[in-house]
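>>> just coords:
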């Protein structure tokens, strides 16, 4: 995902999060910043980009089997309701 060059507040926040992730190698900080964007600006393109970056970080740090196990648990829970 490329840097957001929009001048919106959400776009500026996305640029900060993106820099934390790629320039600063601060995945935890970036993850928190991306989450803030999705909560504060859910309809902005920066929120959509942030969700993609969150998924990239999750895939990078959570072992595949743990991720699959968590997804299975959630799917079963929803299907059993």
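Everything's here; your move. Predicted model, so just to flag it, every value in this text is computed and none were measured. Residues are numbered from 1 along each chain as shown.

>>> Find the residue ranges of the protein scoring beneath the pLDDT cut-off.
1-6 (pLDDT under 70).

>>> Residue nearest the middle of it, spatially speaking?
Compute the mean C-alpha point of the chain, and by Cα atoms, centre = their mean the closest residue is residue 54, 2.0 Å away.

>>> That residue: helix or strand, and which one exactly?
helix 45-61 (DSSP states H and E).

>>> buried set for that helix?
Neighbour-count burial for helix 45-61 flags 46-47, 49-51, 53-54 (criterion: 16 or more other Cβ atoms under 10 Å). Where you see a C-beta, it was placed from the backbone N, CA and C, and this is true even at glycine.

>>> And the residues you listed, which is closest to residue 39?
Nearest to residue 39 out of these is residue 47 (Cβ to Cβ; 8.5 Å).

>>> That closest one and residue 38 touch, don't they?
Yes. With contact defined as Cβ atoms under 8 Å, residue 47 counts as touching residue 38 (4.7 Å).

>>> Now for the two: what residues contact both?
Common contacts of residue 47 and residue 38 (Cβ atoms under 8 Å, 6 or more residues apart in numbering): none found.

>>> Report how many residues lie close to residue 38.
For residue 38, the count of nearby residues is 17 (other Cβ atoms under 10 Å).

>>> what angle sits between the helix or strand containing it and helix 45-61?
Element membership for residue 38 (DSSP H and E) is helix 27-40. When axes from the mean of the first three to the mean of the last three Cα atoms, to 10 degrees is applied, the directions of helix 27-40 and helix 45-61 differ by 150 degrees.

>>> Show residues contacting helix 27-40.
10, 13-14, 16-18, 20-21, 24, 44, 46-47, 50-51, 53-54, 57, 60-61.

>>> circling back: elements contacting the helix holding residue 54?
helix 9-22, helix 27-40 (3 or more Cβ pairs under 8 Å, 6 or more residues apart in numbering; DSSP states H and E).
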